[in-house]
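K.L.:
Requesting a structural model of the entry that follows:
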Amino acid sequence: MDLPEIPGYRVEKDLGEGGMARVYLAREEKLERLVALKVLALLTDQGRELGQRFMREARTAARLSHSHIVSIHDVGELDNRVFYMAMEFLGGGNLAEKIRHGSLRCERALEIFVAIASALDYAHGKGFIHRDVKPDNILFREDGTPVLCDFGIARAVGSATRLTKTGMSVGTPHYMSPEQARGKQLDGRSDIYSLGVVLYEMLTGKVPFEAEDSVAVAIAHVQDPVPRLPEHLAKYQPLLDKLLAKDPDDRPQTGREAAALARHLPLVEAEEPTAKSNAYESGNGEPSA
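P.N.:
Numbering: from 1, shown residues only. Okay, the predicted model is just below:
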C-alpha cells in the first residue's frame, strides 16, 4: 500500500486503522518529532459526511487539554478529499492488546480506570461525551500513562443521538450503555457505564455480556443483570454494580465520583489468574519478570 503524501510530514509507516481512517507514523519536518498521522482519503464526493465527521473529531479533541487525553498538534485538508490530523505518538500500545494476554492485576486495572475516569470528567465538564469508550481507544504513552483517544463519534451534551441505518446507536455494542443501545439521548453517565464494562474486562479478561450477534449483545445490556465476579474479585462487585446500573440515575454521576469510589477499594492481589495470565503490573506496561 502506498504511503500518503501530506505537506510538512514525512510518512514512515502504516500503523493500521484508526476508527474511520488510517493511522501512520510520521515525522513532522519543522520540529523533527514523531507524530501519529490520522488520514482520511475520500474516493468520491459521497463521502463528504465522513470528512465532516473527521473534522469534527479533530476540532473536539483539539479543544481538550488533559494529561489522559491525546494531544492534537495539527489538522488540515487537501482538495476537500484528503483530511488529516497529527496527534502525539503513543508508543505503548493499547489496552485491547494487553487484555488479550488475560486479566490485568487489580492495582493496574484500577489505576487505568481512575485515569480514564478523570479524562471523562474533564471532557464532560467541557460539554462533550465520548460515546465509544473501549479498550481499543485507550492507548499508552511509553511510560505507561493511559490516554483516551478517538473522539470520532463524540457529541456535545444535549445533541441528538445519531443512529445507523438499522436504528442502533453509533458505538461498539459490547461497551454500549443501555440507553445508548436503545437510541436514547445520552449524557456523560453513558460513558461511565462503558468505562465500567472496560473495568470488568480488565479484571476478568472478558466482557460482561456475550451473544451471537451485536443486536443480542445490545439487548443483554438493556435487560440482563450484571454478571457475578469470581469469588477472589468479589470486593469489586459493588463498584461494578453501580457502574453498570441500567438506570443512569443509579450510577456514579460524574467521572470524579467514579474515580473516588475506585480509589477507596481495597486491592485484591491474591487472585486466581486466567489460563492466559497477564503480568502487566509496571507503570510502563511491560510484563514483570
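
K.L.:
So Glu212, which state does it fall into?
P.N.:
Using DSSP: H, G, I helix; E, B strand; the rest coil, the structure places Glu212 in coil.

K.L.:
any idea how far it is from Leu186?
P.N.:
Using Cβ to Cβ, to the nearest Å, Glu212 is found at 26 Å from Leu186. C-beta: built from backbone N, CA, C; applies to glycine.

K.L.:
For the two, work out which one has more neighbours and name it.
P.N.:
The neighbour comparison of Glu212 against Leu186 (other Cβ atoms under 10 Å) goes to Leu186, with 24 against 7.

K.L.:
max-length helix in the protein?
P.N.:
When the chain is parsed with DSSP state H, its longest helix is helix 106-125.

K.L.:
Buried residues of that one, list them for me.
P.N.:
106, 108-124 (16 or more other Cβ atoms under 10 Å).

K.L.:
what packs against it?
P.N.:
strand 146-148, helix 188-204, helix 255-263 (3 or more Cβ pairs under 8 Å, 6 or more residues apart in numbering; DSSP states H and E).

K.L.:
could you dump those to a markdown table with distance to Glu17, mean pLDDT and mean neighbour count?
P.N.:
As requested, the helices and strands packed on helix 106-125 are exported to a markdown table (distance: least, Cβ to Cβ, whole Å; pLDDT from 0 to 100; neighbours: other Cβ atoms under 10 Å):
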| stretch | distance to Glu17 | mean pLDDT | mean neighbour count |
| --- | --- | --- | --- |
| strand 146-148 | 18 | 98 | 24 |
| helix 188-204 | 20 | 98 | 25 |
| helix 255-263 | 28 | 97 | 18 |
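
K.L.:
Can you add distance to Phe83 and give these back as JSON lines?
P.N.:
Output for those, formatted as JSON lines (distance: least, Cβ to Cβ, whole Å):
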{"stretch": "strand 146-148", "distance to Phe83": "21"}
{"stretch": "helix 188-204", "distance to Phe83": "25"}
{"stretch": "helix 255-263", "distance to Phe83": "30"}
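
K.L.:
Indicate which one of those is closest to Leu25.
P.N.:
Proximity to Leu25 (Cβ to Cβ) singles out strand 146-148 among the helices and strands packed on helix 106-125, at 16.4 Å.

K.L.:
isn't Asn137 right next to Pro146, touching?
P.N.:
No. Using Cβ atoms under 8 Å, Asn137 is not in contact with Pro146; the gap is 10.7 Å.

K.L.:
what about the stretch 101-250 of the chain, any weak spots by pLDDT?
P.N.:
152-171 (pLDDT under 70).

K.L.:
quick check, Glu5 in a helix?
P.N.:
No. Looking at Glu5 with three-state DSSP, it is coil, so not inside a helix.

K.L.:
ok, now which ones touch it?
P.N.:
Applying Cβ atoms under 8 Å, 6 or more residues apart in numbering, we find Glu5 in contact with Val11.

K.L.:
Now do the longest helix of the chain against helix 255-263, angle only.
P.N.:
Helix 106-125 runs at 170 degrees relative to helix 255-263, counting by axes from the mean of the first three to the mean of the last three Cα atoms, to 10 degrees.

K.L.:
Burial check on the residue nearest to Lys126 when sequence neighbours are not counted, number of neighbours?
P.N.:
Leaving aside its chain neighbours, Lys126 sits nearest to Leu64 (6.2 Å; criterion: Cβ to Cβ, 6 or more residues apart in numbering). Burial of Leu64 is recorded as 19 neighbouring residues (other Cβ under 10 Å).

K.L.:
check contacts around Leu64.
P.N.:
122-123, 126, 128, 151.

K.L.:
I'd like to know which of the helices and strands packed on helix 106-125 lies nearest to Asp132.
P.N.:
helix 188-204 (7.7 Å).

K.L.:
Name the surrounding residues that touch the helix or strand just after that closest one.
P.N.:
Next helix or strand after helix 188-204 toward the C-terminus (DSSP states H and E): helix 214-223. The contact list for helix 214-223 (Cβ under 8 Å, 6+ apart) reads 166, 168, 173-174, 176-178, 181-182, 209-211, 246.
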